[in-house]
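Undergrad: Predicted model and sequence below, questions to follow.
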Amino acid sequence: MSTPETSRFVRLHVELVVEVDDENALTKAALGRMAEDAEIPADERAHAESTVTHNTAEALAYLVDPFDLVADLPGVELAQASWSSEHIDYDPDSPDWDLDEDDDASDEKEATG
C-alpha cells in the first residue's frame, strides 16, 4: 500500500504503434464521433473535421481517449492526460523498436541496487 512518503500520483507511460490498413474507415469513425459530440463549437468542428479528414494520425488521436483506459479501474481517478499521434517509419525487426530495452535496464538496476 501507500506510505505517507509515497505520492498518490502515478505517471503511466504507454506507447502504441498501430498499423492503419483502412484510412477511410478510421476517418469515417472519427467524423462520426465528432458528429455525435454536441459540445464542439461550430468553428472548432469545421477545423477538426478538416484536420481529421486530411491526417489519419489526427483521426486516430481523436478516437483514442486515455480516460477510457482508467475509467473503470477501482480507486483510480484520472488527474491529467495528454496524448498525440504521428506518422512514423516502423521496422519491427529493428533494434530501435525493442520494447523490452528499458525494462532490461531497470531490472539490472534493481538487481544491483
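TA: Nice, I can see it. Numbering: from 1, shown residues only.
Undergrad: rest of the way, CA atoms for contacts and neighbours
TA: OK.
Undergrad: what about the residue positioned nearest the centre of the chain, is that helix, strand or coil?
TA: When the chain is reduced to its mean C-alpha position, the nearest residue by C-alpha atoms, centre = their mean turns out to be Trp83, at 5.1 Å. Using DSSP: H, G, I helix; E, B strand; the rest coil, the three-state assignment for Trp83 comes out as coil.
Undergrad: helices and strands of this structure: which one has the lowest mean pLDDT?
TA: The weakest-scoring helix or strand in the chain, judged by mean pLDDT, DSSP states H and E, is helix 101-112 (a mean of 50).
Undergrad: Return the distance of the residue nearest to the centre of the chain relative to Glu19.
TA: 18 Å (C-alpha to C-alpha, to the nearest Å).
Undergrad: Can you name the residues that contact Ser7?
TA: With contact set as C-alpha atoms under 8 Å, 6 or more residues apart in numbering, Ser7 has no partners.
Undergrad: That one and Trp97: what is the separation?
TA: For Ser7, the distance to Trp97 (C-alpha to C-alpha) stands at 31 Å.
Undergrad: Isn't the residue nearest to the centre of the chain up against Ala61?
TA: Yes: the criterion here is C-alpha atoms under 8 Å, and Trp83 meets it with Ala61 at 7.4 Å.
Undergrad: At which residues are the helices of the chain located?
TA: Counting by DSSP state H, the segments of the chain that form helices are 23-36, 42-54, 56-63, 66-70, 101-112.
Undergrad: If we go by neighbour counts, what in the fourth one is buried?
TA: Looking back up the chat, that one is helix 66-70. Under the neighbour-count criterion of 16 or more other C-alpha atoms under 10 Å, helix 66-70 has nothing buried.
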